[in-house]
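Participant: build me a structure from this.
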Amino acid sequence: MQIFESEDVNILKGVISTNHVHMHVKYRPSLSISDLVKKLKGRRSRKLQQEFTELNKRYWGRLSGV
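Facilitator: Predicted coordinates for the structure are as follows:
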């Protein structure tokens, strides 16, 4: 993932379940975990909205392409 590369984060171990993900990551101390999670969630949200345009209207109250 680009965020991991740009922020110098390494995934040490991960498990994917049907509705959530567990990751054991190594990151530099100057990066707060909350900032890392915000970046990951923001990037994933944007990609999901692009791939599934019906999500825009359902969850964000916008029409696709607006």
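
Participant: mind checking what helix or strand follows the helix or strand that Arg43 is a member of in sequence?
Facilitator: In the assignment (DSSP states H and E), Arg43 maps to helix 33-51. Remark: after helix 33-51, the chain's next helix or strand is helix 54-60, criterion DSSP H and E.

Participant: buried sites along that next one?
Facilitator: For helix 54-60, a neighbour-count test (16 or more other CB atoms under 10 Å) marks Asn56 as buried. For every residue, glycine as well, the C-beta is placed using N, CA and C.

Participant: is the closest residue in space to Glu7 that isn't next to it in sequence in a helix, a strand, or coil?
Facilitator: Once flanking residues are discounted, Glu7 sits nearest to Leu31: 5.9 Å by CB to CB, 6 or more residues apart in numbering. Using DSSP: H, G, I helix; E, B strand; the rest coil, the structure places Leu31 in coil.

Participant: okay, Leu31: pLDDT?
Facilitator: On pLDDT, Leu31 comes in at 87.

Participant: I figured it hits Ser6, correct?
Facilitator: No - applying CB atoms under 8 Å as the test, Leu31 and Ser6 come out as separate, 10.7 Å apart.

Participant: which of those two has more neighbours?
Facilitator: More neighbours surround Leu31 than the other of Leu31 and Ser6, with 13 against 9 (other CB atoms under 10 Å).

Participant: what sits against the residue nearest to Glu7?
Facilitator: Going by CB atoms under 8 Å, 6 or more residues apart in numbering, Leu31 touches 7-9.

Participant: check which residues of the helix holding Arg43 are buried.
Facilitator: 36, 39-40, 49.

Participant: ok, now stretch 8-16?
Facilitator: Residues of stretch 8-16 classed as buried by neighbour count (16+ other CB under 10 Å): Val9.

Participant: residues contacting that stretch, please?
Facilitator: Here stretch 8-16 makes contact (CB under 8 Å, 6+ apart) with 3-4, 21-28, 31, 36.
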